[in-house]
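*Asks:* A structural model of the following input is requested.
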Amino acid sequence: MPDWPGNLPRNAFKQALSGGERQVGLWSALCNPIVAEIIAGAGFDWIVIDGEHAPNDVPSLLAQLQAMRGGTAEPVFRVPWNDAVIIKRVLDVGARSLLIPFVQNADEARKAVAATRYPPLGIRGVSVAPRANDYGRIRLYHPNAHLDTCVLVQIETRAALSEIEAIAEVEGVDGIFIGPSDLAADFGHLGNPKHPEVQAAIRDAGRRIRAAGKSAGTLSGNADDVEGLFGMGFNFTATGSDVGILARGAEQIAARFRKI
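*Replies:* Residues are numbered from 1 along each chain as shown. Sure thing, here's the model as predicted:
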């Protein structure tokens, strides 16, 4: 293996995925740096900061990235859309692992990867000293940033399932993530990702993704399901969310005293 360039930090999450290692994560939608700081040190391998369905923007992302520095978990930002301008901005503030929603085919996967690469490998706009290169302190950052950038593409429809092998062939895609709720909706089972038809599709997707040589990821709201997901072939899973932990935990305490 060639020497690692300059003082570019290593993305342990990306490296773990390249080796097919198990990575357990958590979803974060509370958009708060104190919450981010608490969960980043809890022992997870990765945490999704949700910019698609939670009210996160670039400033709130920045605050959470700062809060998570030094934690155990790699911050993975789910961008609101496969858009080069959005991707450029979140990369510049220091998000180096991205989840790109609603990728339907290989062309859209290539578009996502290109947005994370500087020319000649892609179309990422060049800022001389953003937070991403520690304000100019990371030597050789620009020609090598892609080595530490993790690109996960999210499959959410039956049409996208049929394109798994083609998407997996796209250079620069580090993992393929199955979105169970949107997939259930596309199958006609809105709100019911546990439907047997949906579960069968998820199992098949995990098998095919791994057979194609990529890491396979998905999400479950139930921690008890994670071992089953690993058994299906998935190697990076998110189990629950900060919203769920707060809401369900608060409800359980309140319910206990309502019975008195």
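
*Asks:* Would you confirm that V24 contacts T237?
*Replies:* Yes. Counting by C-beta atoms under 8 Å, V24 sits close enough to T237 to count as a contact (6.2 Å). (C-beta placed from N, C-alpha, C; glycine too.)

*Asks:* Those two: who's more crowded?
*Replies:* When V24 is set against T237 and neighbours are counted by other C-beta atoms under 10 Å, the residue ahead is T237, at 25 against 18.

*Asks:* Am I right that the more buried one falls within a strand?
*Replies:* Yes. Assessed with DSSP: H, G, I helix; E, B strand; the rest coil, T237 lies in a strand.

*Asks:* what do V24 and T237 both touch?
*Replies:* With C-beta atoms under 8 Å, 6 or more residues apart in numbering applied, the overlap between the contact sets of V24 and T237 consists of V226.

*Asks:* hey, which helix or strand in the protein has the poorest pLDDT?
*Replies:* Each helix and strand of the chain was given a mean pLDDT (mean pLDDT, DSSP states H and E); the minimum falls on helix 226-232 at a mean of 92.

*Asks:* So for that one, what gets flagged as buried?
*Replies:* Of the residues in helix 226-232, V226, L229, M232 count as buried by neighbour count, 16 or more other C-beta atoms under 10 Å.

*Asks:* now swap in stretch 53-62 and tell me
*Replies:* Across stretch 53-62, burial judged by 16+ other C-beta under 10 Å covers A54, N56, S60, L61, L62.

*Asks:* Over to stretch 104-120?
*Replies:* Within stretch 104-120, the residues that count as buried by 16+ other C-beta under 10 Å are 104, 106, 108-118.

*Asks:* got JSON lines for those, with pLDDT, distance to S127 and secondary structure too?
*Replies:* Rendered in JSON lines, the data for the buried residues of stretch 104-120 read as follows (pLDDT from 0 to 100; distance: C-beta to C-beta, whole Å; DSSP: H, G, I helix; E, B strand; the rest coil):
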{"residue": "Q104", "pLDDT": "98", "distance to S127": "30", "secondary structure": "coil"}
{"residue": "A106", "pLDDT": "98", "distance to S127": "29", "secondary structure": "helix"}
{"residue": "E108", "pLDDT": "98", "distance to S127": "25", "secondary structure": "helix"}
{"residue": "A109", "pLDDT": "99", "distance to S127": "25", "secondary structure": "helix"}
{"residue": "R110", "pLDDT": "98", "distance to S127": "23", "secondary structure": "helix"}
{"residue": "K111", "pLDDT": "98", "distance to S127": "21", "secondary structure": "helix"}
{"residue": "A112", "pLDDT": "98", "distance to S127": "20", "secondary structure": "helix"}
{"residue": "V113", "pLDDT": "99", "distance to S127": "19", "secondary structure": "helix"}
{"residue": "A114", "pLDDT": "98", "distance to S127": "17", "secondary structure": "helix"}
{"residue": "A115", "pLDDT": "99", "distance to S127": "14", "secondary structure": "helix"}
{"residue": "T116", "pLDDT": "98", "distance to S127": "14", "secondary structure": "coil"}
{"residue": "R117", "pLDDT": "98", "distance to S127": "14", "secondary structure": "coil"}
{"residue": "Y118", "pLDDT": "98", "distance to S127": "10", "secondary structure": "coil"}
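
*Asks:* Can you name the two of the residues you listed that sit furthest apart?
*Replies:* The span of the buried residues of stretch 104-120, defined through C-beta to C-beta, is set by Q104 and Y118 at 25.6 Å.

*Asks:* if we can go back for a sec, looking at the buried residues of helix 226-232, which is nearest N32?
*Replies:* Using C-beta to C-beta, V226 is the member of those that lies nearest N32, at 25.1 Å.

*Asks:* Show me where the stretch 51-200 of the chain has its strands.
*Replies:* In the stretch 51-200 of the chain, strands defined by DSSP state E, counting those that start in this stretch lie at 74-78, 97-100, 150-155, 175-178, listed in chain order.

*Asks:* need the contact list for I86.
*Replies:* Contacts of I86 were listed using C-beta under 8 Å, 6+ apart, and they are V79, P80.

*Asks:* let's see it at 6 Å
*Replies:* Applying C-beta atoms under 6 Å, 6 or more residues apart in numbering to I86 gives the contacts V79.
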